[in-house]
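Asker: No letters, just coordinates:
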Ligand SMILES: [Zn+2]
Ligand SMILES: [Zn+2]
């Protein structure tokens, strides 16, 4: 059994076949945590989870790219879109969590310095992202849920990771967190491990040619590793070019087992236990 610890079956990309996608995952022994990125997608993540007795969970939060109105031109992995900008209303999220026992984390929230809107002052945006990140941390502490952190630095930099570490040190002295879609270098990964957190790897490790994933995988203890798909984005090999989905998390686990030279059954056992411990599922 595997857990896709961060996915978006609650997104439009799955509007016609979300239940088929979930069923495919559950039938192949994959549990799912759908992450919200705005209030609306947080609510749809909760609603989706409520339709299943087991194996489908939700995380709720406001993603840093949705704090300001702007047009987002994403990677070739992703689609471009326009966001209206949303204020983080802690009361609405608190109520949403109270409505369901399926909410297992506060996420995805954090810092994104990769796609800063051109028309705004970058220092002001970064400050706002930090303030909103701290508000999420306060909510998570209040309701006793782990953090699912999004962090994307500027191209060729570790800046956002450094800032996330600083915010954690000043505001969150707990190992109950994960850093999702980790794309940093090995020393940065180990900074999160040192603080007791889990590092989530996804399809990128199946197609990364920079060598960075190799170093991260070699250094990162299995006891600190979890998997995700971040579907519909970041489709792993051998399905590049197709829409990603939770059942494909298996390709990520297999690739890691191969890179580390350990048995897939061991990888499944340890990483699934890690995720179940964090999310208490
Ligand atoms: Zn993310
Ligand atoms: Zn995501």
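Answerer: Done, it's in. Remember, it's a predicted structure, so these values are computed and weren't measured experimentally. Ligands and ions are numbered 1, 2, ... in the order given.
Asker: show me the contacts for the residue positioned nearest the centre of the chain.
Answerer: Note on the chain: the residue nearest the mean C-alpha position is residue 180, at 3.7 Å, using Cα atoms, centre = their mean. Residues near residue 180 by Cβ atoms under 8 Å, 6 or more residues apart in numbering: 5-6, 35, 107-108, 148-151, 200, 228, 230. No exception for glycine: its C-beta is placed from N, CA and C like everyone else's.
Asker: As TSV, those with neighbour count would be great.
Answerer: Shown next, in TSV, are those (neighbours: other Cβ atoms under 10 Å):
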residue	neighbour count
5	33
6	29
35	30
107	29
108	29
148	31
149	30
150	24
151	29
200	24
228	27
230	25
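Asker: Just give me how far stretch 161-178 sits from the chain centre.
Answerer: Mean-position distance between stretch 161-178 and its chain equals 15 Å (Cα atoms, centre = their mean, to the nearest Å).
Asker: Show the average pLDDT along it.
Answerer: For stretch 161-178, mean pLDDT is 98.
Asker: For stretch 258-275, buried residues please.
Answerer: Under the neighbour-count criterion of 16 or more other Cβ atoms under 10 Å, stretch 258-275 has 267-268, 270-272, 274-275 buried.
Asker: as a whole number, average confidence for the lengthiest helix in the chain?
Answerer: Ranked by number of residues, the top helix in the chain under DSSP state H is helix 122-143. Helix 122-143 comes out with an average pLDDT of 97.
Asker: Surely residue 163 is in contact with residue 112?
Answerer: No. Using Cβ atoms under 8 Å, residue 163 is not in contact with residue 112, being 10.9 Å away.
Asker: Which one of the two is surrounded by more residues?
Answerer: A direct count of neighbours by other Cβ atoms under 10 Å for residue 163 and residue 112 places residue 112 higher, at 23 against 19.
Asker: Spatially nearest residue to the more buried one (excluding sequence neighbours)?
Answerer: Closest residue to residue 112 apart from its sequence neighbours, by Cβ to Cβ, 6 or more residues apart in numbering: residue 64 at 4.3 Å.
Asker: Perfect, that will be all.
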